[in-house]
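Chemist: Return atomic coordinates for the entry below.
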Amino acid sequence: MKRILPIIVLSQFLCTSLWFAGNAILPDLAAAMSLDEKFLGNLTSSVQFGFIAGTLIFAIFTIADKFPPSLVFFLSSLLAAAFNFTLGFEGLSSEFILLSRFATGFFLAGIYPVGMKIAADYFQKGLGKSLGLLVGALVLGTAFPHFIRSYIGEMDWTLVVQLTSGLAVFGGLLMLTLVPNGPFRSKGQAIDLILFFRVFKVKSFRQAAFGYFGHMWELYAFWAFVPVFLSAYGLKQDMNFDLSFWSFVIIAVGGLSCALGGMLSSAIRPLLISRTALSLSGICCFISPIFFLQPYPYILLIFMLFWGMVVTADSPMFSTLVAQNVPQHQKGTALTIVNCVGFGITIVSIQLLNFIHAFVQTEFLLIILGLGPLFGTFFIFKKELSIRN
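Modeler: Numbering: from 1, shown residues only. This is a model prediction of the structure:
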């Protein structure tokens, strides 16, 4: 049992490195294809659209509860890696790139929420710690392509694609061969087409889910626009950032806060951790122009590192609260449902930033992300809160 959690975490890290592989090589793609800067939003949104479509299918047909989750994880990793690998082909059209990222996102739906389902099948006690490590692995995996791109420097940028695809296949194999069905797994029942809507009738589930939705409004838009924010600051101050390196660090530090939050959840209620992190990240949204307008780069970087920590610390706590507030046999589907809606929200916030960037100065761009934490904290601070945790 002790080896199971590290294997799940490692597999999640390796497979989710596919998520931002396209973002990490976007400057290279843009240079090769004369793409404009708006393609960043479209590229990221394509993955999110694919993930939503995938989670809808997985949720409606209760795939994570009906079939062995390790097998679902493995097959999804193979297919996601295959579509990701196509980014390294020559002569691609922009339409094909977006389709490839959509397909990658679709099969990521069989990796991220299914990985949480597998953890929930093994660890009823200390679920917050387990999901903290698991979401931390997702964050590190999301950041890792930026690290690879920074590390290879002037080498062929298609190495990013090849390495992330290979790592994902290896991660899927680890899960399939070393992680059998968990002791707390309850096999899913017949296909339930109304479960998607019925779980929201449970007040405690609904409040946890709405808090998570506010968190998701901010999270992926923040990650996607970190390079844009740093690049604009560098131009303003007439200096050069290693955008790939600092994007990796700012995103990856969130993995540490996820793990730390998970560790603390055995002593501090997940609900309290969620409230604190969501409030702090919301404050960061509203004060971001102050740090952009000041002249010292190290102050901006410290602020962005702090923001990178608090913007993710509540994610595993919300997943924990969701998992704790549905029946055991519905956990996989409930987690998938929440992910589906949450990632749908990320598309709206990413595309909104993409649109208003043409009209709003960059220093004020990220203020609008504060709407999400405001919405989320409204639900998780309500006096009549009934979330069990």
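Chemist: Run through the stretch 51-200 of the chain and note the low-pLDDT ranges.
Modeler: The stretch 51-200 of the chain contains residues with pLDDT under 70 at 124-128, 182-197.
Chemist: longest helix of this structure?
Modeler: What stands out as the longest helix in the chain, according to DSSP state H, is helix 203-237.
Chemist: Can you name the next helix or strand after the host helix or strand of Ile283?
Modeler: Using DSSP states H and E, Ile283 falls within helix 270-293. Per DSSP H and E, the first helix or strand lying C-terminal to helix 270-293 is helix 297-313.
Chemist: Tell me where the stretch 1-150 of the chain has helices.
Modeler: Taking DSSP state H, counting those that start in this stretch as the test, the helices found in the stretch 1-150 of the chain are 4-16, 21-24, 26-33, 39-60, 63-66, 69-85, 94-108, 112-122, 127-152.
Chemist: Which one, of those, ends up nearest to Arg206?
Modeler: helix 39-60 (16.1 Å; Cβ to Cβ). To be clear about C-beta, it is placed using only N, CA and C from the backbone, and glycine gets the same treatment.
Chemist: What residues sit buried inside that closest one?
Modeler: By neighbour count, with 16 or more other Cβ atoms under 10 Å as the criterion, the buried positions of helix 39-60 are 39-56, 58-60.
Chemist: Equivalent analysis for stretch 138-157, please.
Modeler: Neighbour-count burial for stretch 138-157, counted by 16+ other Cβ under 10 Å, picks out 138-150, 157.
Chemist: Mind putting these into a markdown table with distance to Ala209?
Modeler: Output for these, formatted as a markdown table (distance: Cβ to Cβ, whole Å):
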| residue | distance to Ala209 |
| --- | --- |
| Leu138 | 18 |
| Val139 | 20 |
| Leu140 | 25 |
| Gly141 | 24 |
| Thr142 | 22 |
| Ala143 | 26 |
| Phe144 | 28 |
| Pro145 | 29 |
| His146 | 30 |
| Phe147 | 32 |
| Ile148 | 34 |
| Arg149 | 35 |
| Ser150 | 36 |
| Trp157 | 39 |
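Chemist: now, which of those residues sits nearest Ala24?
Modeler: So of the buried residues of stretch 138-157, ranked by how close each gets to Ala24 (Cβ to Cβ), first place is Pro145, at 3.6 Å.
Chemist: Was I right to think Asn23 contacts Leu43?
Modeler: Yes - counting by Cβ atoms under 8 Å, Leu43 is a contact partner of Asn23 at 6.5 Å.
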